[in-house]
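Novice: Pasted the sequence and its predicted model underneath.
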Amino acid sequence: MEVARMKAERRSALGRNQTQKLRKLGWMPAVIYGDGQDSLSIQISEWELEQHLKSHHRVYDLDVDGTSVPAFLQEVAFKAVTDRPLHADFLRIDFDKPMNMVLEITLIGHPAGLSKGGSLVKDNLKIKITALPTKLPEVLELNVSALDIGDSVQAKDLPLAEGVTLTVDPEMTICHVVAPSAAKLAEEAAEAAEAAEAAEAGDGTGTGTGDGTGDGDGGGDGGGEGKG
């Protein structure tokens, strides 16, 4: 991951009213914690954080009142309606020490097995890894286009960069493609048979009704004329 740089200031105003005043000035509240030290309340530029989020930045060198603080963006709270960032949590880190991270996998492509009636099962799309902060991947994409019915991808098959280590079972299944179940195939066959029978019955009923009605009308007319 790229190390993003961002300015921050110590924050002494902790009340709700004070926070609202900060927001009007373009600031937002945040906190730095971890590494056995006391939590530090700070304020950062809301606009600047939004730009970093668009670039998927997670590793930071925060300039807190002139002091460099290496940190990892652990979590951002957003306002539900507007998606406006409300608060950010930063974890203190050491650029020279490996750290753990939960990485989400993005599947791309259309599995070949789906065109044969198969289904893609997403078993585990989050994995745990460890690496130096600057080696942590920003995203992990997995192309599943070649997966046919019966194929699967294990954690050991993931395209991880050099310096990134899995901390989960290498045999853990990420996703797999399954064939249509026998029950589903039987159900589909039964539905198709019922539809065919209904179509045939519909054709036969239409012909018989038309002929019968025509004969009955003719007989009635003939009787009336004979009496006259």
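Specialist: Cool, got the structure. Residues are numbered from 1 along each chain as shown.
Novice: now the residue most central in space within the chain, nearest residue through space, not along the chain?
Specialist: For the chain, T106 is the residue whose C-alpha lies nearest the centre (Cα atoms, centre = their mean; 7.3 Å). For T106, ignoring the flanking residues on the chain, the nearest one in space by Cβ to Cβ, 6 or more residues apart in numbering is E141 at 4.9 Å. Placement of C-beta: from N, CA and C, glycine included.
Novice: How much space separates that neighbour from M1?
Specialist: Here the distance between E141 and M1 works out to 15 Å (Cβ to Cβ, to the nearest Å).
Novice: Between these two, which is the more surrounded one?
Specialist: M1 (18 against 11; other Cβ atoms under 10 Å).
Novice: Could you double-check that the more buried one lies in contact with L136?
Specialist: Yes - between M1 and L136 there is a contact at 4.7 Å, judged by Cβ atoms under 8 Å.
Novice: Now the common contact residues for those two.
Specialist: Common neighbours of M1 and L136 (criterion: Cβ atoms under 8 Å, 6 or more residues apart in numbering): R58, V59.
Novice: about what we covered before: looking at this, the residue nearest to T106 is in a helix?
Specialist: No - the assignment for E141, made by DSSP: H, G, I helix; E, B strand; the rest coil, is strand rather than a helix.
Novice: helix, strand or coil for T134?
Specialist: Assignment for T134 (three-state DSSP): helix.
Novice: begin at 36 from here
Specialist: Okay, residue one is now 36; in that scheme the one you just asked about reads as T169.
Novice: What residues does it make contact with?
Specialist: Contacts of T169 (Cβ under 8 Å, 6+ apart): M36, E37, V38, V94, F130.
Novice: and if you look at D129?
Specialist: Taking Cβ under 8 Å, 6+ apart, we find D129 in contact with D70, P105, P168.
Novice: In JSON lines, list these along with pLDDT and distance to T54.
Specialist: Conversion of the contacts of D129 to JSON lines gives the following (pLDDT from 0 to 100; distance: Cβ to Cβ, whole Å):
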{"residue": "D70", "pLDDT": "90", "distance to T54": "26"}
{"residue": "P105", "pLDDT": "97", "distance to T54": "26"}
{"residue": "P168", "pLDDT": "95", "distance to T54": "29"}
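Novice: Of these, keep whichever come out buried.
Specialist: Taking 16 or more other Cβ atoms under 10 Å as the criterion, what is buried in the contacts of D129 is P105, P168.
Novice: re the thing from before, confirm the residue nearest to the centre of the chain sits in a strand?
Specialist: Yes - counting by three-state DSSP, T141 is found in a strand.
Novice: how near is it to V179?
Specialist: Distance of T141 to V179, computed by Cβ to Cβ: 10 Å.
Novice: Ok, S47 next?
Specialist: Taking Cβ to Cβ, one finds S47 at 51 Å from V179.
Novice: Could you check which of those two is surrounded by more residues?
Specialist: Each of S47 and V179 has its neighbours counted (other Cβ under 10 Å); V179 has more, 21 against 8.
Novice: my read: that one touches G144, true?
Specialist: Yes - using Cβ under 8 Å, V179 makes contact with G144 at a distance of 5.1 Å.
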